[in-house]
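Undergrad: need a structure here:
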Amino acid sequence: MGISPNSEFPATTFQLEVGDVLVAYTDGITEAENSEGEQWGMQRLENLLRSPACADSTPERIIECILDEVSAFSKGQRQRGDVTLIVMNVQAGCEV
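TA: Predicted structure coming up:
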């Protein structure tokens, strides 16, 4: 997926296991800014995903948690980037 038809990105392969959670997001998440121009950033996202607020949660709850934290950080500041999130978890009985 890319912004233009000629976009090229590196590819990788990995094996998902039961219990794994995959979080895909656009840069509007990590580049959300507060009133001082500070970006929310990758480190805050990683910390949140490892926190008790998100650990062992449903994909819906993880999305809610991320959006709530980004909103609280930006405090109503108008954002320039789009915000898109996809969260999936691998459940038992799934062919992985």
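Undergrad: which helix is the longest one in this structure?
TA: Criterion DSSP state H: the longest helix present in the chain is helix 59-74.
Undergrad: can you list the weak-confidence ranges in this structure?
TA: With pLDDT under 70 as the threshold, the chain has low-confidence stretches at 1-3, 94-96.
Undergrad: just the helices in it please.
TA: Remark: helices of the chain, listed N- to C-terminal, are 27-30, 41-50, 59-74; assignment by DSSP H.
Undergrad: of those helices, flag the one that's most buried.
TA: Neighbour counts averaged per stretch over the helices of the chain are highest for helix 27-30, at a mean of 18; criterion: mean count of other CB atoms under 10 Å. For the C-beta atoms, the positions are set from N, CA and C on the backbone; glycine is no exception.
Undergrad: so what's the gap between that helix and the chain middle?
TA: Counting by CA atoms, centre = their mean, to the nearest Å, helix 27-30 is centred 8 Å from the centre of its parent chain.
Undergrad: got the contact list for the closest residue to residue 61 other than its chain neighbours?
TA: When the adjacent residues along the chain are set aside, residue 61 lies closest to residue 54, with 7.4 Å between them (CB to CB, 6 or more residues apart in numbering). By CB atoms under 8 Å, 6 or more residues apart in numbering, the contact list for residue 54 reads 48, 61-62, 65-66.
Undergrad: please apply the same query to residue 40.
TA: By CB under 8 Å, 6+ apart, the contact list for residue 40 reads 29-34, 69-70, 73-74.
Undergrad: and if we set it to 7 Å?
TA: 30, 32, 70, 73 (CB atoms under 7 Å, 6 or more residues apart in numbering).
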